[in-house]
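Enquirer: My questions are about this predicted structure, shown below with the sequence.
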Amino acid sequence: MSATPGAAFPLPPSPGPAPALPPPPLPVPYRIPSLGYRLTIGSFRFLLWVIALVIVPVAVLGYLQKFSLGFPISIETEVVYGLVLSALLTARYVVKPTRAYGPVGIAAAAVTIAFFVTLLLQATYHLNVPQTPLAISVVFARFVELLLIVPSLSLLAALVTTIEDLRFPTERLEFDFPL
């Protein structure tokens, strides 16, 4: 037998190129604030919303009642709508990086629309001039209808946000929370 080198013991096949390592992960193009930070800022925002939507309107309505000038909406109704809307607007801020942002925005817009519809149903204001038989009626229905445009557009925007968050969960985060 002729001995040829490597005939009895063949060389193992060459392994080829080394397997490529996976590329390093791309950096996340957004930075979400921590839940504690959002809750802290949200509590300050809640206080500001309560001042703007409850305390100031109730003070104005109470001041007008001293002069026997009633407003078509009661103080209790104003307080309920103001507190619910303050809570929803604060919750919308806190849940902004999650999929709950759209549904909470829909709820906030719906409460705002409900408040304006309540005002719209009582859109004629009668002002009786004291010690005279004179009465002045003011109809502010058109003004309230114009105000309804904003929450209606907010409702549509929240609906689109909800649909987009379901389809592409993290797409808006890089725009809402840029680096």
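Expert: Cool, the structure landed.
Enquirer: buried set for stretch 132-144?
Expert: Val144 (16 or more other C-beta atoms under 10 Å). For the C-beta atoms, the positions are set from N, CA and C on the backbone; glycine is no exception.
Enquirer: Same question for stretch 168-179.
Expert: Buried residues in stretch 168-179, counting neighbours by 16+ other C-beta under 10 Å, are found at Arg172, Leu173.
Enquirer: Check stretch 110-125 too.
Expert: Val111, Thr112, Ile113, Phe115, Phe116, Leu119, Leu120.
Enquirer: Any chance of CSV for those, columns distance to Val60 and secondary structure?
Expert: Formatted as CSV, the buried residues of stretch 110-125 follow (distance: C-beta to C-beta, whole Å; DSSP: H, G, I helix; E, B strand; the rest coil):
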residue, distance to Val60, secondary structure
Val111, 21, helix
Thr112, 19, helix
Ile113, 22, helix
Phe115, 16, helix
Phe116, 18, helix
Leu119, 15, helix
Leu120, 20, helix
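Enquirer: who does the lowest-mean-pLDDT helix or strand in the chain pair up with?
Expert: The helix or strand of the chain with the poorest confidence is strand 124-128; it has a mean of 75 (mean pLDDT, DSSP states H and E). Using DSSP bridges, the strands paired with strand 124-128 are strand 135-139 (antiparallel).
Enquirer: distance between the partner strand and the chain's centre?
Expert: Counting by C-alpha atoms, centre = their mean, to the nearest Å, strand 135-139 is centred 37 Å from the centre of its parent chain.
Enquirer: need the next SSE after it, C-terminal direction.
Expert: helix 141-147 (DSSP states H and E).
Enquirer: Summarise which helices and strands that next one is packed against.
Expert: The criterion is 3 or more C-beta pairs under 8 Å, 6 or more residues apart in numbering; DSSP states H and E, and the helices and strands that helix 141-147 contacts are helix 101-121.
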